[in-house]
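> What would the 3D arrangement of this be:
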Amino acid sequence: MIQRVLALVKMELLKLIREPANLFMNLLFPAVLTLVFGLAFGALGGGDGSLFDMMAPGLFAYACIFIIMTVSMSFTDDRENGLLKRINVTPTTSTQFIGSHIITNMLIAIIQLTIVFLLSLLMGYRPNVDVFGVIMAFIFMLFLSLCSVGLGLITATIAKSAGAASGLSFIFILPQMFFGTFIILPEGIRIISAFLPSYYVTDAITVIFGGGSPFAVGILIQLGIIALMGLVIVILGIFLFRKYGKV
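Model prediction:
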């Protein structure tokens, strides 16, 4: 069982490397975005360093939510190519197949956070955080990637092609971009953020990297919320894709 899952994870990682669009969205896009914002708003680029410091934690979540697009396109493409039907007649279960996607995208989330964090340091960002705070930030990102996989499955359920999936995924991406990352919102509109996974991740990482304790009650509550959201969304995504995804 473990060998089959690991083989599928290897297959998905190789697919990522071979697909320029997916490679760009998952790895190169976060790097380019961080460099652009760092040069525009960071002290190293001649901008307001404090503004980039405020925006940097949101860049972590901003990069991870695009996993929704790549997951939805991957599942839709696998369905169109008949891969899912072929898997159904092998010893590999659909749970193992979806589990491999979850593991793959968690690994991608870790790479994304590492890239954004290192480039942010290069751009002059200096978080007040210890090793436990960094570990907690990685944990938050793992649960955000879980949410993204679930939303990607929901998108793949609706979409009839990979091209349609890329467009429909923005139904879930755009709200998280504007209401859950680094964009400062008026108090009245901020209530929308309470329904978005990226908000809790951005808010928690902002506090942790600002010198707050990663084990503070508020942080642990947010961790519980994002963990619960991740589990509910991915279970819902699996259920909908199995029932209506026309595997």
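
> Check what pLDDT residue 183 gets.
What the model reports as pLDDT for residue 183 is 69.

> please begin residue numbering at 540 from this point
Understood, numbering begins at 540; the last thing we discussed is residue 722.

> contacting residues around the closest residue to residue 732 other than its chain neighbours?
Nearest non-adjacent residue to residue 732, counting by CB to CB, 6 or more residues apart in numbering: residue 738, 3.8 Å away. C-betas here are computed from N, CA, C, even on glycine. Going by CB atoms under 8 Å, 6 or more residues apart in numbering, residue 738 touches 715, 718-719, 732.

> what does stretch 564-576 contact?
555, 591, 594-595, 598, 601-602, 605-606, 608-609, 647, 650-651, 654-655, 658-659, 662.

> Tell me which of the contacts of residue 738 fall in helices.
715, 718 (DSSP state H).

> what residues are up against the nearest residue to residue 719 once chain neighbours are set aside?
Distance criterion CB to CB, 6+ apart; nearest residue to residue 719, sequence neighbours excluded, is residue 737 at 3.4 Å. Residue 737 sits next to 600-601, 603-604, 683, 715-716, 719-720 when contact means CB under 8 Å, 6+ apart.

> and the next element down the chain from the helix or strand hosting residue 737?
According to DSSP states H and E, residue 737 maps onto helix 736-748. Counting by DSSP H and E, the next helix or strand C-terminal to helix 736-748 is helix 756-783.

> Which elements pack onto that following helix?
helix 633-661, helix 670-697, helix 736-748 (3 or more CB pairs under 8 Å, 6 or more residues apart in numbering; DSSP states H and E).

> Could you check how far residue 599 is from residue 559?
24 Å (CB to CB, to the nearest Å).

> the more surrounded of those two?
residue 599 (30 against 9; other CB atoms under 10 Å).

> and the closest residue in space to residue 731 that isn't next to it in sequence, how many neighbours?
Spatial nearest neighbour of residue 731, excluding adjacent residues (CB to CB, 6+ apart): residue 718 at 4.9 Å. By other CB under 10 Å, the residues close to residue 718 number 19.

> correct me, but residue 780 touches residue 690?
No: here residue 780 does not reach residue 690: they are 11.4 Å apart, not a contact under CB atoms under 8 Å.

> hang on, the earlier thing: measure the residue nearest to residue 719 to residue 689 for me?
Distance from residue 737 to residue 689, by CB to CB: 13 Å.

> Repeat that for residue 639.
15 Å.

> so which strand or helix has residue 571?
Counting by DSSP H and E, residue 571 is found in helix 568-580.

> and that helix, what's its mean pLDDT?
83.

> Buried residues, the helix or strand harbouring residue 595. List them.
Assessed by DSSP H and E, residue 595 sits inside helix 588-603. Going by neighbour count (16 or more other CB atoms under 10 Å), the buried part of helix 588-603 is 588, 591-592, 594-603.

> report the angle between the axes of the following helix or strand past it and helix 756-783?
Note on helix 588-603: by DSSP H and E, the next helix or strand toward the C-terminus is helix 606-619. For helix 606-619 against helix 756-783, the angle by axes from the mean of the first three to the mean of the last three CA atoms, to 10 degrees is 20 degrees.

> low-scoring pLDDT stretches of the chain, where are they?
For the chain, the stretches flagged by pLDDT under 70 are 540, 581-588, 626-628, 633, 722-728, 784-786.

> Appreciated, that's everything.
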